[in-house]
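S.K.: Could you work out the structure for the sequence below:
(one chain, ligands or ions: 2)
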Amino acid sequence: MQLILLGAPGSGKGTLAADLKSIYEIPHISTGDIFRKNISEKTELGVKAENYINNGQLVPDEITIEMVADRLSQVDCEQGFLLDGFPRTIPQADALAAILNDKGIKLTGVINVTISDELVLKRLTSRRVCSQCGASYNLISLPPEVNGICDKCGGQVVQRDDDHEETIKKRLETYHNQTKPLVDYYRNQNLIFDISNEGKPEDAVAAVKGLLG
Ligand code: ADP
Ligand code: ZN
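M.R.: Ligands and ions are numbered 1, 2, ... in the order given. This is a model prediction of the structure:
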């Protein structure tokens, strides 16, 4: 299974990805998670990416494409993968097509997670994440059992630096301008599966299973 998750920031891609990863037993490749790990470890890549991310902008294509090409060449991707947050621009999608073509691999499908901008704003301002394991929480719908502490690993639950209202608005604008054209790009290739994520997370998972088997 070679899957792409497409959707606005805060559409719930990450939460859905965690479930799909275990259902289909494929690695979950989140470019956002890889960038954040590099930022916290202060690597060269992290230093390059940090300002773009905290301003709600995309990291330049050449940096991102190289990082993903490298990740896709690791052995665990031979049985399939779930790309979350990549591609986000048409040049990234073209680069991915070339990488997969070289490997003789075809995409199984592109899951287009849909949600209104209003709901995104509401969900992201109340989103919190574990700084240690990356688990996602929501102060309104899914708070950690103990305030500020991760249920899964005991790590600190914090607000992401880019989850403040002004940055969220900027990320939404970036999404509409640069990423949304990919929906048509993949629809033209008959690869799109539309999934609404305005309801409960388990409904979105069930919808994907219904479509992909
Ligand atoms: P969200 O989907 O909630 O915006 P992500 O964790 O996927 O969050 O990404 C966080 C940030 O990382 C993005 O706003 C962007 O700056 C950067 N980023 C992630 N993936 C890409 C990509 N494919 N191309 C460029 N920048 C990216
Ligand atoms: Zn944790």
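S.K.: contact partners of stretch 115-126?
M.R.: Contact partners of stretch 115-126, identified using C-beta atoms under 8 Å, 6 or more residues apart in numbering, comprise 7-12, 138-141, 163-165, 168-169, 172, 196-198. C-betas here are computed from N, CA, C, even on glycine.
S.K.: one more time with 6 Å
M.R.: The contact list for stretch 115-126 (C-beta atoms under 6 Å, 6 or more residues apart in numbering) reads 8, 10-11, 138-140, 163, 168, 172, 197-198.
S.K.: Stretch 199-211 too?
M.R.: By C-beta under 6 Å, 6+ apart, stretch 199-211 touches 15-16, 19, 193, 195, 197.
S.K.: I'd like to know which of these are buried.
M.R.: Taking 16 or more other C-beta atoms under 10 Å as the criterion, what is buried in the contacts of stretch 199-211 is 15-16, 19, 193, 195, 197.
S.K.: Which one of the residues you listed is nearest to residue 127?
M.R.: Nearest to residue 127 among these, counting by C-beta to C-beta, is residue 15 at 10.0 Å.
S.K.: which of the contacts of stretch 199-211 has the weakest pLDDT?
M.R.: Of all the contacts of stretch 199-211, residue 15 carries the smallest pLDDT score, 87.
S.K.: quick one: whichever strand or helix holds it near ligand 2?
M.R.: Element membership of residue 15 [criterion: DSSP states H and E] is helix 13-24. No. Figure legend: helix 13-24 not in contact with ligand 2 (C-beta under 5 Å from the ion); closest approach 12.2 Å.
S.K.: what's the answer for stretch 122-129, then?
M.R.: No. Using C-beta under 5 Å from the ion, stretch 122-129 never reaches ligand 2; the gap is at least 8.5 Å.
S.K.: Can you show me the CA trace of that stretch as CSV?
M.R.: Presented in CSV, the C-alpha positions along stretch 122-129 are these (Å, rounded to 0.1, in the frame of the first residue of the first chain):
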residue,chain,number,x,y,z
LYS,A,122,-11.1,25.8,16.6
ARG,A,123,-9.2,22.5,16.7
LEU,A,124,-5.7,23.8,16.3
THR,A,125,-5.9,26.5,19.0
SER,A,126,-6.9,23.8,21.4
ARG,A,127,-4.5,21.2,20.1
ARG,A,128,-1.6,20.1,22.4
VAL,A,129,1.1,17.6,21.6
